[in-house]
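Asker: No letters, just coordinates:
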């Protein structure tokens, strides 16, 4: 099943089981329905209100907060995360007032992160870290079948505000169907394999790289613990830190172009807690020319990583 | 003059007196939060308060003292908020520029230009979802209308048939810049017309006329399920003249925020002898000696309340 189809089916199921929702955004019930992401939402639940809106992101973010203040839950679907820049004032200033009260309603912004690279400047902002940091709000990336189901069921209409994002690059690919060993109870991160030779920790939408690396290691008779961090605000990573303490070898993969990476804060925590035999950080260097159209995929020399881990 | 009309006059006068008290404390550096007085805006605030029904809600900007005070009819809790005390309207967490009061249907206030318009849109949309016949009142200014949120919000409200009264307090200034020093003129009538939105122009600070006209506008918004636009030309009073070598008579400083240094407590705190000052307009309705008597009584009550 394609990623888009699966997320769409989850959305329909959840919307169908939730009364009185307002679903809104540009083209969510017209045209391609955001490339199929929101197709059929209007027929899945008679009590939901579906609005195809004008292109007015500042207003539309404020609308979600206004609905929330008046006890109506909503989801604002966005084709491109970058347009959320136009609503940053609302996310920072309005939410900082609203968050002082205990919310009875939910507001979720559900954007597609532009991470295929060839959009140019837009794709230089291929992450939620910056948005979540600037406003101190919760945000979650969904990367596979397990985390998508958990995060959407747990957070999509939970009272309060958050951003849940899917990656453009993944949308038309086959949904990664992977077993889960354990998960943080708040769905901040998930563990997919348990091993002794290294701990692989993926941030943003990097799970696909970590999964491939883990498979290559398995072919070489090595085992790795594989984690993916979905939350974009700093959380408690105790079980990941414990795992790293056991393997003493960390491979950290982050495909974001942010200069304000959550993974950097995580790495500081790891280095403060453990004396490692080896740490390998895979990401983008600050000198990358990521402001114009370019391939967004990370170039990873998996063989070198495996060699470095096995000889350390 | 009947009781209702007398009450309107009293409220306009009380609001001026209350602000003068705030100003005196402000001049004594009592507050650390920035406060934007609304001297000259009293008639409008009292009229809006009189028109609002129990199910209506108000969305304000950084200059919100006049609406908060009028809706509360109490100075103490407002002052406590400015002192950032737990006993304040917002438990000392809102200060001045974001001061709202849900118990009085002031749902939100923002220090960011244009920010309250989208939030009001959402609130109005929720009203529609709930089949409520409440009207959202959003107060903005001639500076905030320059923000994209102004256009986006009216477009959204019109597109979704949301009843709302949008009031532009047009004092012709944004900080220290006059409108014609910063932008081309906006013809709000034509602007509203382009979106098939009713437009009303008010000026003159007559609280009774304002009340009548805004009431009709509210009814139109509700009956036709539409936003309506009301531009109110007014002068934010409290300007002063600063000593300056280039200006023998002193350099004119427009009042934007902070204390108004030349505004003083007095028996009848008239600031201008023209319709720019709502207290001047009140003289059309009551003899000055009655107004002075009323002013003295209200001042005593205010002092008693905050002592």
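Answerer: Perfect, thanks for sending it. Just so we're clear, the structure is a prediction, and the values are computed from it rather than from any experiment. Numbering: from 1, shown residues only, chains lettered A, B, ... in the order given.
Asker: Identify each buried residue in whichever helix or strand residue B:23 is part of, please.
Answerer: Taking DSSP states H and E as the definition, one finds residue B:23 inside helix B:3-27. Across helix B:3-27, burial judged by 16 or more other CB atoms under 10 Å in any protein chain shown covers B:8-23, B:25-26. Yep, even glycine has a C-beta here, placed from its N, CA and C like the rest.
Asker: same deal with stretch B:264-273?
Answerer: With burial defined by 16+ other CB under 10 Å, the residues of stretch B:264-273 counted as buried are B:268-271.
Asker: With stretch B:88-96 instead?
Answerer: If you call a residue buried by 16+ other CB under 10 Å, then stretch B:88-96 has these buried ones: B:88-90, B:92, B:94-96.
Asker: Same question for stretch B:42-60.
Answerer: Within stretch B:42-60, the residues that count as buried by 16+ other CB under 10 Å are B:42-52, B:56-60.
Asker: same question for that stretch, mean pLDDT?
Answerer: Mean per-residue pLDDT for stretch B:42-60: 98.
Asker: out of the buried residues of stretch B:42-60, who's nearest residue A:200?
Answerer: Among the buried residues of stretch B:42-60, residue B:59 lies closest to residue A:200 (CB to CB), at 49.2 Å.
Asker: and the closest one, what does it touch?
Answerer: By CB atoms under 8 Å, 6 or more residues apart in numbering or on different chains, the contact set of residue B:59 is B:107-109, B:116-117, B:119-120, B:123, B:136-139.
Asker: measure the residue of chain B most remote from its centre to residue B:251 for me?
Answerer: Using CA atoms, centre = their mean, the residue of chain B lying farthest from its centre is residue B:245. It sits 35.4 Å away. Distance of residue B:245 to residue B:251, given as CB to CB, to the nearest Å: 9 Å.
Asker: One more: residue A:2?
Answerer: Applying CB to CB, the value for residue A:2 to residue B:251 is 68 Å.
Asker: For residue A:284, report the pLDDT, please.
Answerer: pLDDT, read off for residue A:284, is 82.
Asker: tally of neighbours for the residue nearest to it when sequence neighbours are not counted?
Answerer: Spatially, and ignoring its direct neighbours in sequence, residue A:284 is nearest to residue A:257 (5.8 Å; CB to CB, 6 or more residues apart in numbering or on different chains). By the measure other CB atoms under 10 Å in any protein chain shown, the count of residues near residue A:257 is 23.
Asker: Pretty sure residue A:257 sits against residue A:130.
Answerer: No: between residue A:257 and residue A:130 there is no contact under CB atoms under 8 Å: 9.4 Å.
Asker: Would you tell me what the next helix or strand after the helix or strand harbouring residue A:267 is?
Answerer: Assigned by DSSP H and E, residue A:267 belongs to helix A:262-273. Heading C-terminal from helix A:262-273, the first helix or strand you meet, by DSSP H and E, is strand A:278-282.
Asker: In the very next helix or strand once past that next one, which residues are buried?
Answerer: Counting by DSSP H and E, the next helix or strand C-terminal to strand A:278-282 is helix A:302-311. By 16+ other CB under 10 Å, the buried positions in helix A:302-311 come out as A:305-306, A:309.
Asker: Using just helix, strand and coil, how would you label the closest residue to residue B:139 other than its chain neighbours?
Answerer: Spatially, and ignoring its direct neighbours in sequence, residue B:139 is nearest to residue B:167 (4.9 Å; CB to CB, 6+ apart). At residue B:167 the chain is in strand, as set by DSSP: H, G, I helix; E, B strand; the rest coil.
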